[in-house]
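Trainee: Got a sequence here, can you build the structure:
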Amino acid sequence: MYATLIAVAALWGAATGLLVPRAAYRLAVEPEDGLRADCPAGHPITGPAGGWLGTARCARCHAADGTPYARSRLLPLLSALSCAALAAATGPHPALAVWLLLVPFCALLARVDGAVRRLPDVLTLPLAAATAALLGVVALLPGGDGPGGGSWTTALLGGLALGACYFVLHLINPGGLGFGDVKLALVLGVALGWYGWGVLAGGAFAGFLLFSLYGSALMLRRRTARGITLPFGPFMIAGTLLGLLAGGLTAR
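Mentor: Take a look at the predicted model:
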């Protein structure tokens, strides 16, 4: 049963990871530009859900490897590993369904932020509301809230608290931390807050730590320079993943 749960979660992660590059390609544009509707060769993007669902390759020209549209080999693997780890840590708790639904959207946000240094409102704001609502449903299920589960109240307060902290940081250094990061903090704060304030603080700190380590490594290798802005969203998401793993293990 337990091994089956992990295997199913890994398959879910791999399958959804295959769909992320197309959506990321369409969303990875500057704020003043419209969403991409064509592949790099100029062919219209078609398929289910208005062309949002589908693999990375264009159905007409099979866009060559190396284009922003087709570079996707690692995403299914990373997504599968993340989902499998969450399943192993959380076990057959209803909250696992919420975490598994979050993974592809977080992967999409990380991919877009890495490409164009922005986190689209069309993803962050609805995702915050959906995460809070889904955890509210989980809290109503038998064993969903309380000991061995989580706290929906703390999840809501956690989202507000982390969002407020990031908002203050944005006001202090708007060039280093964008407003999109503030909105993403609402999402991640709700998820981390489900397991309590300790997990919330640990997950948030892990994001800053990972960012600092990565930035320091780039500086040492002389691959970046002072004043260059690095995307912070992927590190926020990675820290949240570590926090959820810790929270799932301690809650069991």
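
Trainee: Could you report the separation of Gly109 from Asp121?
Mentor: In this structure residue 109 is Leu, not Gly. 11 Å (C-beta to C-beta, to the nearest Å). (Glycine included, C-beta is placed from N, CA and C.)

Trainee: More neighbours: which of those two?
Mentor: Counted by other C-beta atoms under 10 Å, Leu109 and Asp121 do not tie: Leu109 has more neighbours, with 27 against 12.

Trainee: what residues are up against the more buried one?
Mentor: Counting by C-beta atoms under 8 Å, 6 or more residues apart in numbering, Leu109 makes contact with 119-120, 123-124, 127, 184, 233, 237.

Trainee: so which of those is the most crowded?
Mentor: Greatest neighbour count in the contacts of Leu109, by other C-beta under 10 Å, goes to Leu184: 29 neighbours.

Trainee: Tell me which residues touch it, please.
Mentor: Going by C-beta under 8 Å, 6+ apart, Leu184 touches 109, 119, 124, 233, 236-237.

Trainee: sec struct for it, please.
Mentor: helix (DSSP: H, G, I helix; E, B strand; the rest coil).

Trainee: Could you pull out the helices in the stretch 51-200 of the chain for me?
Mentor: Counting by DSSP state H, counting those that start in this stretch, the stretch 51-200 of the chain has helices at residues 74-90, 95-116, 121-140, 152-172, 179-193, 197-220.

Trainee: Including distance to Leu18 and mean pLDDT, could those helices go into TSV?
Mentor: Formatted as TSV, the helices of the stretch 51-200 of the chain follow (distance: least, C-beta to C-beta, whole Å; pLDDT from 0 to 100):
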stretch	distance to Leu18	mean pLDDT
helix 74-90	5	95
helix 95-116	10	95
helix 121-140	18	95
helix 152-172	30	96
helix 179-193	23	96
helix 197-220	25	92
